[in-house]
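Chemist: return atomic coordinates for the entry below.
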Amino acid sequence: MPEYPPIANHGLIGDLQTAALISADGAVDWFCAPRFDSPSIFASLLDQERGGHFTIAPVHDEVTVRQLYLPDTAVLITRFLTPDGVGEVVDFMPVSDRPDVPTDRHRLVRALRVVRGTLTFEVTCRPRFDYGRAPHTLALDGAAATFHGPGLDVHLRSSVPLEAEGEDVRATVTLRHGQTAGIVLETSAPGTAVPEPVTEEAVQAALDGTRVFWHGWMRRCRYRGRWQSMVNRSAITLKLLIYAPSGAPIAAPTMGLPEQIGGERNWDYRYTWIRDASFSVRVLLDLGFIEEADAFRRWLGGRGRAARPGGEPMQIMYRVDGDPELAEEVLPHLSGYRDSFPVRAGNGAADQLQLDIYGEFAYAMTHSADLAELAGYEGWKGFSALLDWLCDHWDRPDEGIWETRGGRKDFTYSRMMCWVALDRGIRLAHEYARPADLARWTAQRDAILVQVMERGWNPERKAFVQHYDSEVLDASLLLMPLVGFISPRAPSWLSTLDAMDRELVTDSLVYRYNPEASPDGLRGSEGTFSLCSFLYVEALARAGRLDQARFAMDKMLTYANHVGLFAEEIGRTGEQLGNFPQAFTHLALITAAMALDEELDRAADLR
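Modeler: This is a model prediction of the structure:
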């Protein structure tokens with residue numbers, strides 16, 4: 001294997017139950033099955049020797065690589081250009097007729113073709129089950145191989161012969177102009193029927209079906225603004241990160257990718273955060289995808305009905321099926337991406353208290369009249385009970401939006417989002433004439449606003465700050481005007497925005513906060529947070545600073561990778577850091593684009 005590819009040197013494919021990352025070198029170096037949060041089968045991104053990979057690459061010393069998506073689809077094309085020929089690997093995962101039904105069967109199709117000259121490809125398939133901890137056995141018969149692992153079989157069917165290499169397989173195939181080959185990897189429960197042999201017709205039919213699915217889905221998108229291609233790619237990425245059987249969006253399909261190369265900030269993001277998922281649903285609603293939002297509403301209703309120790313109605317994150325158990329473990333046998341250790345599976349932050357999640361949930365669920373009607377009276381009763389609980393419990397220190405491990409604080413953002421929950425509940429009760437203790441809700445909502453204005457404001461900094469009695473700025477507060485807590489042109493807000501400009505913004509990129517000024521219980525530093533950079537664009541736009549907003553937007557888009565994807569953070573030299581791709585970043589890109597379009601159009605109408 002070559003050196004670790006940059007995190008950004010990947011495209012994402014998936015079938016709405018799991019996903020794979022494919023590097024520009026032609027390697028599937030991250031793939032978990034049968035679900036996003038299942039143990040990995042290929043994880044060379046976290047350990048090249050022990051993680052496993054499935055690589056198709058040309059045998060040539062002079063290779064130029066280009067990677068792109070088939071427009072408005074999740075079909076990824078990797079092009080290899082050499083002096084002797086140009087070849088392509090077309091990668092995709094067909095979406096089943098019933099993606100809402102959980103299954104162990106997932107297909108990853110890799111179609112090879114040469115479009116000029118002659119090219120020889122080398123194929124290597126080295127699965128490593130259970131994050132590389134479990135051995136497997138190989139059964140090989142010509143062009144058919146089956147890897148038997150613990151609780152799962154991986155079948156490899158090829159249109160060219162395969163050779164054993166220990167318990168792994170390899171192949172070499174030479175194609176001339178116009179010739180094609182196909183290799184299909186399929187997972188299944190042990191002992192189930194083996195897949196059919198690979199034919200050119202079957203591969204083409206699967207490709208056509210996948211293209212039709214994504215084009216059909218994208219036709220529902222309402223966005224017609226200035227950043228069409230980036231918004232479309234972000235929407236598809238959000239869709240790829242939704243587990244269709246439950247409707248629960250995950251934060252990212254990966255684990256362990258570092259926020260600082262060689263550092264310890266390496267988390268598992270393959271779960272459903274109430275916060276991230278709620279914002280994702282809000283964005284999908286804005287784009288016109290009501291079905292996805294309703295599916296998440298139903299999933300979330302199930303979480304609210306589940307009893308939890310400690311009395312909170314919900315915890316901050318769950319597995320995609322709603323299981324609250326996410327015990328965090330270190331995988332000591334994996335070296336980590338570029339020696340970024342420890343590699344963690346599971347997430348110990350699941351037990352944290354983060355009161356803002358109720359505001360984000362309300363913000364999303366009350367955004368659409370269609371969604372409110374779908375929830376019905378039973379949905380309202382659950383929502384109303386949550387707000388009754390919040391009236392008694394909002395005034396407590398918590399761990400905050402950034403899941404710091406340095407102790408609970410009175411975070412300004414958490415209080416603000418409790419205000420959002422009550423405010424949206426009051427509005428909805430009035431609009432739909434629903435039964436509610438409006439006097440109590442209103443009193444508590446107003447108490448929160450007064451507290452934030454008096455204790456969250458720091459007169460020396462002339463800014464709202466991260467938590468009470470501190471002087472630390474926090475980019476999460478960029479949401480203050482965006483959720484309606486304060487006017488986007490109020491003097492106190494513009495003063496806060498100016499303070500952030502001076503301290504948290506560098507060349508339009510935005511840091512979450514200064515960990516040296518506000519210790520978060522972890523060693524090391526991190527890059528700028530791409531979610532915050534797009535929130536900054538939206539805040540500038542709403543504040544009327546349109547030239548600055550548009551310049552910041554266009555600069556931020558230059559940090560996207562070659563196929564339009566973003567990780568969680570941007571490092572000092574422009575490299576992408578953290579888990580990839582990150583739903584939070586892509587949803588913020590969409591909201592920034594929509595807000596900036598709206599403000600630019602309004603300004604043009606006033607001329």
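Chemist: in the chain, where's the longest strand?
Modeler: Secondary structure of the chain per DSSP state E: the longest strand is strand 106-126.
Chemist: what is the next helix or strand after that one packed up against?
Modeler: Going down the chain from strand 106-126, the next helix or strand is helix 129-132, by DSSP states H and E. The contact analysis (3 or more Cβ pairs under 8 Å, 6 or more residues apart in numbering; DSSP states H and E) places helix 129-132 against strand 40-42, strand 144-149. For glycine as for every other residue, the C-beta is placed from the backbone atoms N, C-alpha and C.
Chemist: in the longest strand of the chain, what counts as buried?
Modeler: By neighbour count on 16 or more other Cβ atoms under 10 Å, the buried set for strand 106-126 is 106-114, 119-121, 123-126.
Chemist: for stretch 99-107, same thing?
Modeler: 99, 103-107.
Chemist: how long is that stretch from one end to the other?
Modeler: One end of stretch 99-107 to the other measures 13 Å (Cα to Cα, to the nearest Å).
Chemist: please apply the same query to stretch 359-378.
Modeler: OK, stretch 359-378 end separation, Cα to Cα: 20 Å.
Chemist: the nearest residue to residue 374 once chain neighbours are set aside: neighbour count?
Modeler: In space, and not counting its chain neighbours, residue 374 is closest to residue 294: 4.9 Å by Cβ to Cβ, 6 or more residues apart in numbering. Neighbour count of residue 294, defined by other Cβ atoms under 10 Å: 19.
Chemist: tell me which of the helices and strands packed on helix 129-132 sits most buried.
Modeler: Most buried of the helices and strands packed on helix 129-132 by mean neighbour count (mean count of other Cβ atoms under 10 Å) is strand 40-42; its value is a mean of 29.
Chemist: now the element after that strand, going C-ward?
Modeler: Downstream of strand 40-42 (by DSSP H and E), the next one is strand 53-58.
Chemist: centre of the chain to stretch 189-208, how far?
Modeler: In terms of Cα atoms, centre = their mean, to the nearest Å, the centre of stretch 189-208 is found 29 Å from the chain centre.
Chemist: same thing with stretch 212-226?
Modeler: Taking Cα atoms, centre = their mean, one finds stretch 212-226 lying 19 Å from the centre of the chain it belongs to.
Chemist: what's the span of it, first residue to last?
Modeler: Termini of stretch 212-226 sit 25 Å apart (Cα to Cα).
Chemist: pretty sure residue 254 contacts residue 582?
Modeler: No. Using Cβ atoms under 8 Å as the test, residue 254 is too far from residue 582 to be in contact (9.3 Å).
Chemist: between the two, which contacts overlap?
Modeler: Common neighbours of residue 254 and residue 582, counting by Cβ atoms under 8 Å, 6 or more residues apart in numbering, are residue 269.
Chemist: quick check, nearest of the buried residues of strand 106-126 to residue 263?
Modeler: Using Cβ to Cβ, residue 126 is the member of these that lies nearest residue 263, at 28.2 Å.
Chemist: once you drop chain neighbours, what's closest to the closest one?
Modeler: Here the residue nearest residue 126, using Cβ to Cβ, 6+ apart, is residue 168, at 4.3 Å.
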